[in-house]
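K.L.:
sharing a model that was predicted from the sequence below.
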Amino acid sequence: MRLLWASALAACLVAPAAGAAAGPATPPPSGPLAAILEKFPAADAAAGRAAVAELVKLGPRGVADLAALVVEPGAADDWRARQALHGVALYVSRPGAEAERLMVCEALRGLLAGPAPTAVKGFFLQQLRIAGCPKAVPAVSGFLLDDELCEYAAQTLVTIGGGEAAAALLAARPKSHGKCRLTIVQNLGVLRYAPAAADLAKAAADPDREVRMAALRALANIGDPAAWETLHKAAAAESAYERAVATDAALLLAQRLAETQRPREAEEVYRALLAGAKARGERHIVGAALRGLAALLGAAAADDLVQAMKDGDPQVRAAAMDAAALLPGDAVTAAWLAVMPSLEPQARGEVLAMLVRRGGSAATAAVIAAMGEREEAARLAGIRAAAESSDGKAAEALIGMLSSPNDKEKQAARRSLERMPGQRATAAVAQAILDGPFTGAKELVSVLVTRGARNYVDALLAAADGRFGPDVAAEAYAALENLAEEKHAASLLLLLSLPDSPAGPERALAAMGTRAKDKDAYADMIIQAMDFRTVTRVRAALVRVLGRTGGDKALAAVRPAVKDSRPQVQDAAVRSLADWPDAAAAPDLLELARSAAKPAHQVLALRGYVRLAGAMTERPEAERLAMYAAALAAARRPDEKRLVLGALGDMKSADALQMVVPLLADEALREEAAAAAVKIARGLGADSREAVRAAMKKVLAAAQTEATRRDAEEVLRSM
């Protein structure tokens with residue numbers, strides 16, 4: 001409470017008061033009050049509290065003088081006075097400030113009796129509510145019949161609380177009219193003032209519908225047993241709206257009766273509501289009444305809930321299950337198990353799911369037993385109910401259902417295993433994979449991945465070894481690409497070395513290399529593995545893994561493999577260099593592009609080299625242009641030169657333009673050279689105007705493509 005008071009006070013003192021009106025300035029105060037007001041708004045909360053404390057020290061006269069500065073909205077600029085008075089009300093509401101609070105309340109009470117305008121008195125009433133002044137009840141209650149101030153007055157009395165405030169509201173009710181009567185009735189309900197019950201029963205017959213509805217809610221909130229008669233009668237009204245309000249109020253009445261240790265009366269209300277709602281088909285009321293009975297009676301409400309489970313309406317059954325899930329005790333579980341055979345399969349499944357949510361070994365046993373029933377519907381009900389269980393035994397039963405020849409049951413079991421809460425199910429799935437051959441192994445791997453297999457990679461490695469067949473291994477390897485860590489590399493290397501090993505181990509090892517934080521350390525491990533593996537297929541795969549890993553040590557190991565006598569290893573090395581993740585491989589690629597004996601390797605190297613040149617955007621422009629020049633020189637065929645021209649077109653450099661222009665004379669390249677020249681020219685500024693003009697004229701002389709010519713003319717016009 002102290003923190004709330006301090007926060008509210010700080011907020012009000014560092015910004016202009018809400019509701020402050022712009023207008024002519026009020027007559028300036030004099031003396032100490034004027035000096036204090038100049039401190040608003042305060043620079044911070046501490047300064048604001050200090051300023052308010054000074055105001056309070058001025059005593060009742062100072063508070064009255066401050067309040068006199070508050071005027072009607074729009075009449076004058078009184079925001080400082082409003083902010084200061086609001087701060088005073090908050091300040092004296094703090095714990096331990098009883099004497100200061102009484103002083104401020106007395107001052108405000110006197111002002112309420114004075115000639116202040118109505119709107120200003122409304123502001124004073126709000127400050128009394130904030131300060132909390134029990135002795136102000138008589139003064140405040142005098143405004144309960146004022147159309148403009150009754151709401152402020154009622155709110156203030158509710159905040160003050162206590163019998164005197166409630167009695168004042170009750171005394172004013174018969175004399176009130178319109179919105180004031182509605183406000184009074186509502187707040188009598190908020191205060192839960194029992195002596196008002198008889199009067200509120202009369203108000204429930206008021207000609208004004210909103211007053212009647214407010215009276216019903218107020219009666220219910222008070223919790224008087226006699227209110228049931230009034231509410232029951234109102235629930236039979238012709239208006240659907242009034243019936244709904246009365247029924248909701250009756251539910252609230254039953255709740256209040258239960259809270260005030262009147263269980264018999266509460267049960268009577270709930271049962272009457274339940275019977276009426278069933279007759280009228282009001283499912284939401286049936287559900288609310290069932291939940292109320294369950295909360296009130298506990299296990300004694302089991303018969304009502306069992307009966308509701310025989311209802312054909314799924315919403316009614318769902319409400320019964322929600323209520324039943326809250327009932328404790330093995331006796332309740334036993335009662336439900338006894339009635340289950342008499343229920344339809346759908347309802348039986350709903351009961352099983354509810355029992356599982358309640359927990360207990362009996363519920364788990366029932367679910368497992370249901371999976372072995374003769375009827376498919378019963379088996380499916382048990383499978384679906386098991387999804388709510390965190391019991392490892394239920395998970396084991398579901399794992400067994402993955403071997404079912406019935407595809408519907410198999411898929412339902414997989415979905416339930418995926419949904420089961422807790423780690424027991426995940427551990428059971430992993431253990432089933434480790435235990436060996438299993439008909440539903442593919443589904444098991446899928447479930448393990450869905451549930452999160454990061455702590456069970458050993459199970460995935462077991463599934464990947466081929467024991468369950470190639471389809472399951474492929475599923476496991478796909479997961480290992482994302483989940484395997486460097487500590488699992490030895491197992492993957494072993495799998496890679498097996499005869500007829502699929503591509504999965506290599507992909508998983510390569511993915512680990514891509515993720516490795518210490519590239520050289522990971523490369524060292526792969527290089528050591530290469531030293532002990534002479535099989536061509538395995539060495540080629542490890543070269544590709546090094547290519548995905550990158551780094552200096554990996555490059556040093558891949559470089560000599562380019563000259564390996566085995567074509568498969570050599571090809572892996574060239575392709576790895578062509579896809580190298582950083583610029584370190586550029587010199588090797590250029591050398592290959594110049595000297596490779598195999599045309600395929602020469603093309604791969606050139607493409608890789610051009611790719612790296614385009615990716616090195618942080619390098620100086622001259623260095624990249626030199627790389628493109630080297631690539632053009634190494635290119636042996638027009639297609640290779642076209643590749644370089646395409647990359648040059650992305651440069652925004654006059655030097656790049658000059659490199660492209662000579663190629664306009666090559667008949668095999670002129671269209672690509674023209675397109676590259678236009679693309680470069682578009683990105684150049686005024687300082688390259690002459691070079692661009694000369695180049696575009698040459699483009700127009702060489703290009704045959706209409707679109708390129710049109711683009712060149714457009715560039716010329718823009719110069």
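P.N.:
It's in.
K.L.:
so for the residue nearest to V661 when sequence neighbours are not counted, what's the pLDDT?
P.N.:
Closest residue to V661 in three dimensions, ignoring its sequence neighbours and counting by CB to CB, 6 or more residues apart in numbering: A695, at 5.3 Å. For glycine as for every other residue, the C-beta is placed from the backbone atoms N, C-alpha and C. On pLDDT, A695 comes in at 94.
K.L.:
how about H86?
P.N.:
pLDDT, H86: 94.
K.L.:
quick revisit: now for the residue nearest to V661: which residues touch it?
P.N.:
L657, Q658, V660, V661, A677, A681 (CB atoms under 8 Å, 6 or more residues apart in numbering).
K.L.:
if you set the cut-off to 7 Å instead, what comes out?
P.N.:
Contacts here follow CB atoms under 7 Å, 6 or more residues apart in numbering; on that basis A695 touches L657, V661, A677, A681.
K.L.:
nearest to V316, of those residues?
P.N.:
Using CB to CB, A681 comes nearest to V316 of the contacts of A695, at 76.9 Å.
K.L.:
run a quick neighbour tally on A205.
P.N.:
The number of residues packed near A205 is 12, by other CB atoms under 10 Å.
K.L.:
please report the distance of the closest residue in space to A258 that isn't next to it in sequence from K278.
P.N.:
Counting by CB to CB, 6+ apart, A266 is the residue found nearest to A258 once chain neighbours are left out, at 4.2 Å. Distance of A266 to K278, computed by CB to CB, to the nearest Å: 19 Å.
K.L.:
element containing the residue nearest to A258?
P.N.:
Following DSSP states H and E, the helix or strand that holds A266 is helix 263-280.
K.L.:
and the contacts of that helix?
P.N.:
Counting by CB under 7 Å, 6+ apart, 225, 228, 232, 247, 250-251, 253-254, 257-258, 285-286, 289-290, 292-293, 296-297 sit against helix 263-280.
K.L.:
so which of those are in helices?
P.N.:
Taking DSSP state H, the ones among those that sit in helices are 228, 232, 247, 250-251, 253-254, 257-258, 285-286, 289-290, 292-293, 296-297.
K.L.:
what helices and strands are in contact with the helix or strand encompassing R717?
P.N.:
Assigned by DSSP H and E, R717 falls within helix 706-718. Here helix 706-718 touches helix 670-682, helix 689-702, going by 3 or more CB pairs under 7 Å, 6 or more residues apart in numbering; DSSP states H and E.
K.L.:
so F468, which state does it fall into?
P.N.:
Using DSSP: H, G, I helix; E, B strand; the rest coil as the criterion, the local structure at F468 reads coil.
K.L.:
what does R374 give?
P.N.:
coil.
K.L.:
and the gap between it and P345?
P.N.:
Separation of R374 from P345 (CB to CB): 12 Å.
K.L.:
what count of nearby residues applies to H488?
P.N.:
Neighbour count for H488, taken as other CB under 10 Å: 18.
K.L.:
follow-up on the earlier one: out of the contacts of A695, who's nearest A302?
P.N.:
Using CB to CB, A681 comes nearest to A302 of these, at 86.2 Å.
K.L.:
check contacts around V429.
P.N.:
So V429 contacts I399, L417, L444, V447, L448, R451 (CB under 7 Å, 6+ apart).
K.L.:
roughly how far apart are R636 and A194?
P.N.:
Counting by CB to CB - R636 and A194 are separated by 102 Å.
K.L.:
ok, those two, which is more surrounded?
P.N.:
Counted by other CB under 10 Å, R636 and A194 do not tie: R636 has more neighbours, with 14 against 11.
K.L.:
phi, psi for the more buried one please.
P.N.:
Dihedral pair for R636: phi -100, psi -20, per degrees, to the nearest 10.
K.L.:
which residue packs closest to A319, ignoring adjacent ones?
P.N.:
Distances taken as CB to CB, 6+ apart place G287 nearest to A319, at 2.8 Å, with adjacent residues excluded.
K.L.:
tell me how far that neighbour lies from M401.
P.N.:
33 Å.
K.L.:
which one of those two has more residues nearby?
P.N.:
M401 (25 against 22).
K.L.:
quick one: that one and G382 touch, right?
P.N.:
No: applying CB atoms under 7 Å, one finds M401 not in contact with G382, separated by 9.0 Å.
K.L.:
shared neighbours of these two, anything?
P.N.:
With CB under 7 Å, 6+ apart, M401 and G382 have common neighbours M371.
K.L.:
and of the contacts of V429, the nearest to V558?
P.N.:
L448 (35.0 Å).
K.L.:
I'd say the closest one and L461 touch.
P.N.:
No: using CB under 7 Å, L448 is not in contact with L461; the gap is 11.8 Å.
K.L.:
compare those two (neighbour count), which wins?
P.N.:
Neighbours per residue, other CB under 10 Å: of L448 and L461, the larger number sits with L448, 27 against 22.
K.L.:
and the gap between the more buried one and L398?
P.N.:
13 Å.
K.L.:
and what of K310?
P.N.:
K310 sits 29 Å away from L398 when distances are taken as CB to CB.
K.L.:
more crowded one of the two?
P.N.:
Ranked by neighbour count (other CB under 10 Å), K310 and L398 place L398 first, with 30 against 14.
K.L.:
isn't there a strand covering the more buried one?
P.N.:
No: per three-state DSSP, L398 lies outside any strand segment and is helix.
K.L.:
just the pLDDT for it.
P.N.:
So, for L398, pLDDT stands at 95.
K.L.:
for P328, same thing?
P.N.:
80.
K.L.:
repeat that for A331.
P.N.:
pLDDT, A331: 81.
K.L.:
could you report the distance from it to A302?
P.N.:
8 Å.
K.L.:
more neighbours: these two, which one.
P.N.:
The neighbour comparison of A331 against A302 (other CB under 10 Å) goes to A302, with 22 against 11.
K.L.:
give me every residue that touches that one.
P.N.:
L327, V332, A335.
K.L.:
for the last one, which non-adjacent residue is spatially closest?
P.N.:
By the measure of CB to CB, 6+ apart, the closest residue to A335 outside its immediate chain neighbours is A302, 4.9 Å from it.
K.L.:
which helix or strand lies directly C-terminal to the lowest-mean-pLDDT helix or strand in the chain?
P.N.:
When the helices and strands of the chain are scored by mean pLDDT, DSSP states H and E, helix 2-13 comes last with a mean of 47. Next helix or strand after helix 2-13 toward the C-terminus (DSSP H and E): helix 31-37.
K.L.:
okay, now A463: neighbour count?
P.N.:
28.
K.L.:
next one: A503
P.N.:
13.
K.L.:
cool, M659 as well?
P.N.:
With other CB under 10 Å as criterion, M659 counts 22.
K.L.:
wouldn't it be in contact with M627 here?
P.N.:
No: between M659 and M627 there is no contact under CB under 7 Å: 11.4 Å.
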